[in-house]
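Trainee: Would you be able to build a 3D model of this:
(one chain, ligands or ions: 1)
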Amino acid sequence: MGSKNTHSKTGLQQKEGNAKAPMAFDAQPLALVAEEETTVLVPVHPPLMFSLNERIRPLLDAVDKLRHLKVAQEGIQLPTIVVVGDQSAGKSSVLESLAGISLPRGQGICTRVPLIMRLQHHPHTQPELHLEYHGKTVPSDETHIAEAIVSATDEIAGNGKGISNTPLTLVVKKRGVPDLTMVDLPGITRVPVHGQPEDVYEQISGIIMEYIKPEESIILNVLSATVDFPTCESIRMSQRVDKTGERTLAVVTKSDKAPEGLLEKVTADDVNIGLGYVCVRNRIGDESNEEARAEEAGLFQTHPLLSKIDESMVGVPILAQKLVQIQATIISRCLPDIVRKINEKLNASISELSKMPQNLSSVAEAMTAFMRIIGLSKESLKKILLRGEFDEYADEKHMHCTARLVEMLNQYSDELQKSAEDKSTDNFLLEEIRVLNESKGIGLPNFLPRTAFLMILQKKVKEISKTPVDFIAKVWDYILQVVISVFTNHCDSYPQLQASTIRAARNLLEKMKQKSFDHVMEIVEMEKLADYTCSPEYTSEWGKLMAQQKVFTEAMNIHSKISKISIEGFGVIEVGHLRDYPSVREQAFDMKMRITAYWKVVLKRFVDSMALHLLLSVQNLVNRDMEIEVVNEFMGSHGGGIERILEESPAVAKKRERLNKSIMLLKDSKDVVAEIMDRITVED
Ligand SMILES: Nc1nc2c(ncn2[C@@H]2O[C@H](COP(=O)(O)OP(=O)(O)OP(=O)(O)O)[C@@H](O)[C@H]2O)c(=O)[nH]1
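Mentor: Predicted structure coming up:
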């Protein structure tokens, strides 16, 4: 085990000298395998690795099957080794070294779609290769696989240099390859090269982030020895999702090109790679894979600088072993969680489907559903609008209607009081004097003309008449929102009915609002028409106010210097100016006190009558009118008749289809994991 770069941040990291660590093993050297016809150099399965492969193979198969089922669509992330790197860092070369086959390589962008590469050891001498994409399987062989990948990429992402997120799967079954599944992603480039889309960086980084973000992903960061690691875009990206580097392994390519300082670079670990470094030398030019491995082995053994790097950190076979070990650990660690998530999501989808309305197949069924919805909505409205029971909407204060209506009524009463208040203190009685002067007739002077009183009253009523109108508008708008919410809730599964009920609610509430406006206007007119109350409060209030007339008269007649007096109900007021009106001021005082006493009665009537009117209107709405309106609307020409509920809305049909699909997928996934559950051992 390499002593120069030993990390111990996660369970994934190798434990030095701990032979008993479940997934830990030492890197084995290459072995020479005598094939029937040729002598080739491939990473073989030393005993420990072989047993590891034997153990992990079924688990890896299960994960691959889950990936094939597209379980990620259900939000279940799979343990995945994701290969990232800057453009031309050598990602494809690393993968072809691991697979022992030739992949498309070159300058500029080569990998344009996520390439899921499934390597499987098989005992036969003849390798088997095929591609899977767009729901089809395309067989190939070692000689033609690079071409096949290029044409499959063209089919998925177009002939140009475009990028696509649709994955292409390459299955390589070959003797001696490690059992590994990896995803190769397009190389990151900041500057688009000729023919690449302008937003190539955004597109590629979007795809990369999607793959490396899940905690279940292991990031295989491919770095070229020829560059400064901290400047690599792929390092920046992996550090964004894996700050401590605990799930990042670095592969340094092109060691042959830049041997100087490589040892220092990988031992200094400036870029925080938690799972360690492996330096490799990939296939160059037309070399065969076997030649490349031999060259690599020779390079790291004989090169004066490269040979100093610990043997546990060099060569493709070491990389293969590390990856197999990491993969085993991560799969063992993630599978129990995946099984749990599959079960949870399956149960949730089944229960959601069972809650969906049954498909209605006859008019009778539709009628029953319609009546049930109307009944339920009516009961909800009765509870919240009339009885003040809000158990159905415990957390939605907005729907606690009786309390909200009282609040609105209190606010209305306050606004009325405020809008009617006479705040002026320095023109006391001037208005009354003006009106009295204008209402003079030929007759005795000490009779209070009724027309003068009515004129003052009418002016005051006119001034406040906007307040009840605004109140009515506010209340009915609120009730409309409440009724729409209730219908929306109860018609959740029948959008066709939802639209009709909402239309009915709008129509009816508009009519009711208009009726209330008429009612308010009638009250305003009545209050303007005449002054009447049977309430003794008026007389007693007037009496109390008139008791202060003595103070006023004395101030006017005896104390000629007094300019301000205090009158209860008015505060301290200016009276000096009234000395100019000796003949009319006493009568004006009397009239002011009468109107003040009477005004209290008028305001009370404005509040009380509105409250009672609302109660009656809401009661009629809930108990009688709403139901009739909804039935008429639904059965009428716009509603389309009861048959309309029989047609399932596209949204519901889509949801049903989605749930059925998801249940099928999750059931298949459950079967996949059920087969291997007994093999799962969780790492400590
Ligand atoms: N000398 C040398 N050249 C290498 C090595 N690894 C890769 N190359 C060369 O580097 C170039 C780019 O390699 P690719 O494997 O295509 O790089 P990539 O990261 O897959 O490229 P994209 O996916 O297109 O970004 C090719 O010409 C390779 O032959 C290596 O270890 N040594």
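
Trainee: which helices and strands does the helix or strand that contains Glu525 pack with?
Mentor: Element membership for Glu525 (DSSP states H and E) is helix 495-529. Under the contact criterion of 3 or more CB pairs under 8 Å, 6 or more residues apart in numbering; DSSP states H and E, helix 495-529 touches helix 363-381, helix 450-464, helix 466-490, helix 585-620, helix 626-635, helix 643-646. Every C-beta, even on glycine, is put in place using the N, C-alpha and C of the backbone.

Trainee: Out of these, flag the one nearest Lys345.
Mentor: helix 466-490 (25.9 Å; CB to CB).

Trainee: Going by proximity to the ligand, name the top residue of the stretch 301-450 of the chain.
Mentor: Using CB to the nearest ligand atom, the closest approach of the stretch 301-450 of the chain to the ligand is made by Val316 at 9.8 Å.

Trainee: How much space separates that residue from Ala294?
Mentor: Val316 is 11 Å from Ala294, where distance means CB to CB, to the nearest Å.

Trainee: now do Gln548
Mentor: Note on Gln548: its distance to Ala294, by CB to CB, is 119 Å.

Trainee: just Arg644 next, same as before
Mentor: Using CB to CB, we find Arg644 at a distance of 76 Å from Ala294.

Trainee: Spit out the contact partners of Leu385.
Mentor: For Leu385, the contact set (CB atoms under 8 Å, 6 or more residues apart in numbering) comprises 401-402, 479, 482, 618, 621-622.

Trainee: quick one: which of the helices and strands packed on helix 495-529 is nearest Ala62?
Mentor: In terms of CB to CB, the element of the helices and strands packed on helix 495-529 nearest to Ala62 is helix 466-490, at 42.7 Å.

Trainee: Run the chain-centre distance for stretch 358-369.
Mentor: Its chain's C-alpha centre and that of stretch 358-369 lie 34 Å apart, by CA atoms, centre = their mean, to the nearest Å.

Trainee: Quick check: mean pLDDT of it?
Mentor: Here stretch 358-369 scores 80 as its mean pLDDT.

Trainee: With stretch 555-566 instead?
Mentor: For stretch 555-566, mean pLDDT is 86.

Trainee: Same question for stretch 238-253.
Mentor: Averaging pLDDT along stretch 238-253 gives 92.

Trainee: Quickly list the domain ranges of this protein.
Mentor: Using the TED database, the domain ranges for the chain come out as 80-314, 363-647.

Trainee: Deepest in the core, which of these is it.
Mentor: domain 80-314 (a mean of 19; mean count of other CB atoms under 10 Å).

Trainee: Say whether the ligand is contacted by it.
Mentor: Yes: between domain 80-314 and the ligand, judged by CB under 6 Å from any ligand atom, the touching residues are 85, 87-93, 105-106, 109-111, 186-187, 253-254, 256-257, 281-282, 284.

Trainee: So out of everything in the stretch 151-300 of the chain, what residue is nearest the ligand?
Mentor: In the stretch 151-300 of the chain, the residue that lies nearest the ligand is Gly187 (2.3 Å; CB to the nearest ligand atom).

Trainee: Helices of the stretch 201-350 of the chain, start to end?
Mentor: 233-241, 262-268, 289-302, 316-355 (DSSP state H, counting those that start in this stretch).

Trainee: Could you list the residues in contact with stretch 543-550?
Mentor: If you take CB under 8 Å, 6+ apart as the criterion, stretch 543-550 is touched by 567-569, 586, 589-590, 593, 596-597.

Trainee: for the stretch 351-500 of the chain, which spans come out with low pLDDT?
Mentor: Across the stretch 351-500 of the chain, the ranges flagged by pLDDT under 70 are 422-425.

Trainee: so where's the stretch 1-150 of the chain uncertain?
Mentor: 1-55, 105-110.

Trainee: wouldn't Ala473 be in contact with Glu510 here?
Mentor: No: counting by CB atoms under 8 Å, Ala473 does not reach Glu510; the two are 11.1 Å apart.

Trainee: how about the domains of the chain in a markdown table, adding distance to Ala72?
Mentor: Shown next, in a markdown table, are those (distance: least, CB to CB, whole Å):
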| stretch | distance to Ala72 |
| --- | --- |
| domain 80-314 | 9 |
| domain 363-647 | 29 |
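
Trainee: middle-most residue in this structure, spatially?
Mentor: The residue lying closest to the centre of the chain (CA atoms, centre = their mean) is Gly75, at 14.4 Å.

Trainee: Go ahead and confirm that one touches Glu344.
Mentor: No: at 10.5 Å, Gly75 does not count as touching Glu344 under the criterion of CB under 8 Å.

Trainee: what's Ser288 in contact with, if anything?
Mentor: For Ser288, the contact set (CB under 8 Å, 6+ apart) is empty.

Trainee: for it, phi and psi?
Mentor: Here is the backbone geometry of Ser288 (degrees, to the nearest 10): phi -80, psi 170.

Trainee: Got the confidence number for the residue of the stretch 301-450 of the chain closest to the ligand?
Mentor: Val316 is assigned a pLDDT of 92 by the prediction.
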